[in-house]
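A.B. asks: Need coordinates for the below:
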Amino acid sequence: MNGEKNAITKNEKKGLKLFIDKGCVSCHQGIALGGTMKPFPLVGEYKYANIGDFKGDKDGLVKVPTLRNILQTAPYYHNGAVWSISEAVEIMAQTELGLTLTKEEVASIVSFFDALDGKMPTITYPKLPRVTESTPQPDAN
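C.D. replies: This is a model prediction of the structure:
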């Protein structure tokens with residue numbers, strides 16, 4: 001935080017320490033706290049694996065999502081099966097680290113996520129022309 005000792009609260013610092021100590025940083029790292037490709041699940045079974053048929057790339061790797069603004073981006077996981085950030089943290093600890101976190105540890109890590117909240121980018125979509133009978137269609141063959 002560029003040397004600013006008060007950039008995050010005491011509770012957020014406690015969550016950051018747990019985030020580091022438990023090993024979350026082995027995947028969630030860098031400026032965006034994510035972005036690389038990793039196997040999922042690694043050591044445990046993902047209990048919602050049958051939803052959405054998501055298997056990752058040809059090597060079974062998935063993109064590690066950024067944790068920036070994570071509290072603003074539910075649902076979680078590549079298949080969108082988890083709506084609770086606390087449940088998402090619990091599942092990640094089990095499937096990727098082989099750990100069972102206490103409710104207090106989960107709450108502490110979620111508290112750290114408050115420090116990752118920021119302004120969401122503005123997205124402007126282009127205005128496309130109306131489709132008509134004379135609009136060329138793609139060749140399906």
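A.B. asks: in this protein, which spans are helices?
C.D. replies: In the chain, the helices defined using DSSP state H lie at 10-21, 85-92, 103-114.
A.B. asks: Please identify the deepest-packed of those helices.
C.D. replies: Of the helices of the chain, the one with the most neighbours on average (mean count of other CB atoms under 10 Å) is helix 85-92, at a mean of 20. All C-beta spots, glycine's among them, are computed from the backbone N, C-alpha and C.
A.B. asks: got the angle for that helix vs helix 103-114?
C.D. replies: With axes from the mean of the first three to the mean of the last three CA atoms, to 10 degrees applied, the angle from helix 85-92 to helix 103-114 works out at 110 degrees.
A.B. asks: Go ahead and name everything in contact with stretch 59-74.
C.D. replies: Stretch 59-74 has contacts (CB atoms under 8 Å, 6 or more residues apart in numbering) with 27-28, 32-40, 54, 56, 78, 82-85, 113-114, 116-118, 120.
A.B. asks: For Gly35, see how far away Met120 is.
C.D. replies: 18 Å (CB to CB, to the nearest Å).
A.B. asks: Comparing the two, which shows the higher neighbour count?
C.D. replies: Using other CB atoms under 10 Å, the more surrounded residue of Met120 and Gly35 is Gly35, with 14 against 10.
A.B. asks: Phi first, then psi, for the residue nearest the centre of the chain.
C.D. replies: For the chain, the residue nearest the mean C-alpha position is Pro65 (4.1 Å; CA atoms, centre = their mean). Torsion angles at Pro65 (phi, psi; degrees, to the nearest 10) stand at phi -70, psi 150.
A.B. asks: That one and Glu90, how far apart?
C.D. replies: 17 Å.
A.B. asks: could I have stretch 130-139 exported to CSV, CA atoms only?
C.D. replies: Extracted C-alpha coordinates of stretch 130-139, given in CSV (Å, rounded to 0.1, in the frame of the first residue of the first chain):
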residue,chain,number,x,y,z
ARG,A,130,-30.5,-3.1,-36.3
VAL,A,131,-30.7,-6.5,-37.9
THR,A,132,-33.0,-6.6,-40.9
GLU,A,133,-34.0,-9.0,-43.6
SER,A,134,-31.1,-7.7,-45.7
THR,A,135,-28.5,-8.2,-43.0
PRO,A,136,-26.0,-10.8,-44.2
GLN,A,137,-26.1,-14.0,-42.2
PRO,A,138,-23.1,-16.1,-41.3
ASP,A,139,-22.6,-19.3,-43.4
